[in-house]
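> Need a 3D model of the sequence below.
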Amino acid sequence: MVEITRKNIDMTWLLQQTENPATGGVAVFVGRVRDHSAGKTVEKMEYFAYEKMAITELEKIEKAARRKWPVHELVVVHRLGMQNVGEISVAIAVSCSHRAEAFEACRFIIDTLKKKVPIWKKEYGPDGTMWVDGEIPV
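Residues are numbered from 1 along each chain as shown. Sure thing, here's the model as predicted:
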């Protein structure tokens with residue numbers, strides 16, 4: 001399951017989606033807005049996306065992870081819009097029979113998301129605003 005939302009990410013709900021009696025390990029990655037970037041203070045962050053393409057790319061990543069690892073359940077949620085320091089911008093949960101597979105799949109998902117999904121961010125701080133260079137070629 002993949003989702004793009006403008007609402008706060010509910011971690012209890014996210015973990016509930018990974019429940020499966022065959023699961024022995026659940027790996028979770030949570031990305032939060034931090035208070036600094038490139039030596040500058042960050043007060044808030046705004047996320048933008050080409051949503052239709054972002055969902056398509058997230059679905060491709062989900063399928064690739066399921067092909068590579070014996071995933072039982074998988075959830076990826078990315079939040080768009082304005083977010084304050086400490087708020088969750090992305091959350092991933094992967095359940096597998098064994099922890100190693102869950103960790104590997106989870107890392108693959110976040111690393112691939114950063115490279116391929118058309119989501120951009122703008123940082124706001126006391127020095128003004130700045131678009132953050134991502135790994136997606138422009």
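
> Three-state assignment for Arg107, please.
Secondary structure state of Arg107, per DSSP: H, G, I helix; E, B strand; the rest coil, is helix.

> Now it. Nearest residue, chain neighbours left out?
Phe29 (7.6 Å; CB to CB, 6 or more residues apart in numbering). In this view, the C-beta of every residue, glycine as well, is placed from N, C-alpha and C.

> Identify the residues contacting the residue most central in space within the chain.
Ranked by distance to the mean C-alpha position of the chain (CA atoms, centre = their mean), the top residue is Val90 at 3.4 Å. Counting by CB atoms under 8 Å, 6 or more residues apart in numbering, Val90 makes contact with 9, 29-31, 76-79, 110, 113.

> with these in mind, which one is nearest to Asp127?
Proximity of those to Asp127 (CB to CB) peaks at Gly31, which lies at 23.0 Å.

> related to what we said a few turns ago, from the contacts of Val90, list just the buried residues.
For the contacts of Val90, a burial check counting by 16 or more other CB atoms under 10 Å picks out 9, 29, 31, 76-79, 110, 113.

> export these to TSV and tack on distance to Tyr50, pLDDT and secondary structure?
Putting these into TSV (distance: CB to CB, whole Å; pLDDT from 0 to 100; DSSP: H, G, I helix; E, B strand; the rest coil) gives the following:
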residue	distance to Tyr50	pLDDT	secondary structure
Ile9	20	97	coil
Phe29	23	98	strand
Gly31	19	97	strand
Val76	16	98	strand
Val77	17	98	strand
His78	12	98	strand
Arg79	16	98	strand
Ile110	19	98	helix
Leu113	14	97	helix
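
> What pairs with the helix or strand containing Trp120, parallel or antiparallel?
Secondary structure from DSSP states H and E places Trp120 in strand 119-125. Strand pairing for strand 119-125, using DSSP bridges, gives strand 44-49 (antiparallel), strand 128-131 (antiparallel).

> Worst mean pLDDT among those?
Note on these: lowest mean pLDDT is at strand 128-131, with a mean of 90.
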